[in-house]
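Asks: fold the following for me, if possible:
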Amino acid sequence: MTETIISVGIDLGTTTTQVIFSRLTVENIAGAASVPRIQIVDKKIIHQGQIRFTPLLDRTIIDAEGVLAIVQKEYEAAGFKPSDVSAGAVIITGDTAKKENSEKVLSTLSGLAGDFVVATAGSDLESVLAGRGAGTAEMSRQEPGRPLANLDIGGGTTNIGIFLDGQPVDTSCLDIGGRQIMVDPIKKTITQISPKVITLAASMGLKIKEGDIFDIIILEKICDRLVSIMAQAIGLVAQGRDDRDGRDGNDSRNDKSHLELFLTSHPLKKIWRLYGLTFSGGVADFIYGDLDTLDPFRYGDIGPILGKSVLKSSDFNSLKILKPKETIRATVVGAGSNALELSGSTVTISHPEVLPLKNLPIVKLTADDEADNYRYFSSRLASKLSWYREASGLGYQPLAVAFAGLKNPSYEQVLLIRDRLLEGLDFYLSKNDLLVVILEEDMAKSLGQTLRAALPQKVVISLDSVKVESGDYIDIGLPVVSGRVVPVIVKTLVFGR
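Replies: Just a heads-up that it's a prediction; the model follows:
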């Protein structure tokens, strides 16, 4: 049995809106006498839409009708109707996610296809998605034990993702991007400048405000300092270090205070000994492209100047700079690709009536998280759960926790894993009645039964023989094969070509 699925991805970013259509081929790879196991055997991007500026009504409101018109045009250009599309994703990222009507825009776009993954990606999740879409995650898989960093530099933010052995292990985000300063290239004036950049410039003894005729030397100095802050954020520059060469003039503040100013939420958990770097996002095209003949103000912002500052940075050039598979399209490439499969036959489903479940985000624990007899499992699970906390900070959307588990565990080991899970999930379970656990090893039934006994008032679903990654979403269908297995669809928002 071979079938094809049409999938669409829509990325609504600070600067650009992008649409991509993919054709996915799925096939039953099991033998005739075996339980069906359906997997994607081929995936091909069949239409890459134009990269268009995200339409805004003003600085705080997205032009929802304008965005809808862009997406409809791409449907027409691709030759598809919404009814032709089986699945996909709408991702709203960067500063655009902070706009007043972002949820309304998501609601409008989600109606263009059947079962969309609809997500406003927080900065941590966006860092994971961008690094996977750029191909950094896969590069790190090919360099075992060597962490790689991806800096996704967009219009409003720089999302930082650290990847080790194919997995995201750390994230951070800075309010640094190509549109932190916007200019009128005809009148040579500054039309918009972020409050944080105004504070930075003042600390450097530089005067800059909206309406001024811009001085390219001043803009270059600001971009040099922004790049220095990026380098510090990933551990290439020591915290608290005063400016090395005085290029910023009368600077009265050190890099540590500047880093704190531009961090959107939290720094990296540790200083990583990085093997190399990749860059994605719109500014990455100015890092890997030819800037010699490029008008630095052709896009009405400082993106090209920021890219040039990265190129000449001695901090970044101290590491191996790798070219990713995708730059500006990193977040959108492959959005909504699907991997339909069946769970293992040892499952626990305490309340079958809650099925089907759709669009549960995956929180994936790594082998390192499970090491040392699960010593750090609880704290690392709690940390990763924070990526999915609601904007109010008061709770979480329903989600699924995934990890490998153990082969042939003893009863004592099952109880240990249960206890570590419950410790890490303490705050989540105080706000949610649904617990979904996804395992790779064949232990879902035993772990699920112990969880069910410990949580008699909760809905417990424990599945095994399913491989997922952080940043994936999962659908869980109604039980099949006499109730022994359930079909699952793993919706991988980003993949490398």
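Asks: which residue packs closest to Leu148, ignoring adjacent ones?
Replies: Leaving aside its sequence neighbours, Leu148 sits nearest to Ser140 (Cβ to Cβ, 6 or more residues apart in numbering; 4.5 Å). (C-beta placed from N, C-alpha, C; glycine too.)
Asks: Val460 contacts Thr450, correct?
Replies: No: look at Val460 against Thr450 with Cβ atoms under 8 Å: they stay out of range, at 9.6 Å.
Asks: can you list the domain ranges for the chain.
Replies: Domain assignment for the chain by automatic domain parsing gives 1-121+331-337, 124-321, 343-497.
Asks: backbone dihedrals for Pro168, please?
Replies: phi -70, psi 130 (degrees, to the nearest 10).
Asks: pLDDT wise, what is it at?
Replies: Pro168 carries a pLDDT value of 86.
Asks: which strand residues bridge it?
Replies: Going by DSSP bridges, Pro168 is paired in beta bridges with Phe163.
Asks: before we move on, back to that, so who does the residue nearest to Leu148 touch?
Replies: 146-148, 163-167 (Cβ atoms under 8 Å, 6 or more residues apart in numbering).
Asks: can you put those in CSV and add neighbour count and distance to Leu416?
Replies: Shown next, in CSV, are these (neighbours: other Cβ atoms under 10 Å; distance: Cβ to Cβ, whole Å):
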residue, neighbour count, distance to Leu416
Arg146, 16, 31
Pro147, 17, 29
Leu148, 27, 33
Phe163, 27, 29
Leu164, 21, 25
Asp165, 17, 24
Gly166, 17, 26
Gln167, 19, 23
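Asks: nearest to Pro55 among the residues you listed?
Replies: Top of the list for closeness to Pro55, among the contacts of Ser140 and by Cβ to Cβ, is Phe163 at 33.2 Å.
Asks: does that closest one really touch Glu143, like I thought?
Replies: No: at 9.7 Å, Phe163 does not count as touching Glu143 under the criterion of Cβ under 8 Å.
Asks: before we move on, back to that, rank the domains of the chain by mean pLDDT and give me the bottom one.
Replies: Among these, domain 1-121+331-337 scores lowest, at a mean of 74.
Asks: helices of the chain, start to end?
Replies: Listed in chain order, the helices of the chain (DSSP state H) span residues 64-78, 102-110, 123-134, 136-141, 195-203, 216-233, 255-262, 284-288, 303-311, 367-374, 377-385, 411-424, 426-431, 444-454.
Asks: among those helices, which is the most enclosed?
Replies: helix 123-134 (a mean of 28; mean count of other Cβ atoms under 10 Å).
Asks: counting by contacts, list what that helix packs against.
Replies: strand 148-153, strand 158-164, strand 167-174, strand 276-280 (3 or more Cβ pairs under 8 Å, 6 or more residues apart in numbering; DSSP states H and E).
Asks: mind checking how far the closest residue to Gly276 other than its chain neighbours is from Ile160?
Replies: Leaving aside its chain neighbours, Gly276 sits nearest to Lys320 (3.8 Å; criterion: Cβ to Cβ, 6+ apart). Lys320 sits at a distance of 17 Å from Ile160 (criterion: Cβ to Cβ, to the nearest Å).
Asks: neighbour count: those two, which is higher?
Replies: Ile160 (25 against 13; other Cβ atoms under 10 Å).
Asks: which residues does the more buried one contact?
Replies: When the contact criterion is Cβ under 8 Å, 6+ apart, the partners of Ile160 are 127, 149-152, 171-174, 233-234, 268.
Asks: what do you get if the cut-off is 10 Å, keeping everything else the same?
Replies: Taking Cβ atoms under 10 Å, 6 or more residues apart in numbering as the contact definition, Ile160 lies against 123-124, 127, 130-131, 149-153, 170-174, 230, 233-234, 267-268.
Asks: in stretch 180-196, what's buried?
Replies: 180-183, 190, 193-194, 196 (16 or more other Cβ atoms under 10 Å).
Asks: those residues: which two are farthest apart?
Replies: Farthest pair in those, by Cβ to Cβ: Val183 and Lys196, 17.4 Å.
Asks: list the strands paired with the biggest strand by length in the chain, with their directions.
Replies: For the chain, the strand that runs over the most residues, judged by DSSP state E, is strand 16-28. Strands that pair with strand 16-28, judged by DSSP bridges, come out as strand 2-12 (antiparallel), strand 38-48 (antiparallel), strand 52-53 (antiparallel).
Asks: would you mind finding the most buried of those strands?
Replies: By mean count of other Cβ under 10 Å, the strands paired with strand 16-28 have strand 2-12 as the most buried, with a mean of 22.
Asks: how far off helix 64-78 does that one point, in degrees?
Replies: Using axes from the mean of the first three to the mean of the last three Cα atoms, to 10 degrees, the direction of strand 2-12 lies 150 degrees away from that of helix 64-78.
Asks: ok so, going back, reformat the helices of the chain as TSV; add distance to Leu399.
Replies: Formatted as TSV, the helices of the chain follow (distance: least, Cβ to Cβ, whole Å):
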stretch	distance to Leu399
helix 64-78	27
helix 102-110	18
helix 123-134	11
helix 136-141	20
helix 195-203	32
helix 216-233	27
helix 255-262	29
helix 284-288	30
helix 303-311	35
helix 367-374	16
helix 377-385	8
helix 411-424	12
helix 426-431	8
helix 444-454	15
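Asks: so for Thr54, which of those sits nearest?
Replies: Between Thr54 and the helices of the chain, the shortest separation by Cβ to Cβ is 7.1 Å, and it involves helix 64-78.
Asks: right, and Leu429 touches Leu399 too?
Replies: No: counting by Cβ atoms under 10 Å, Leu429 sits too far from Leu399 to count as a contact (11.6 Å).
Asks: between these two, what contacts are shared?
Replies: The contact lists of Leu429 and Leu399 share Leu435, where a contact means Cβ under 10 Å, 6+ apart.
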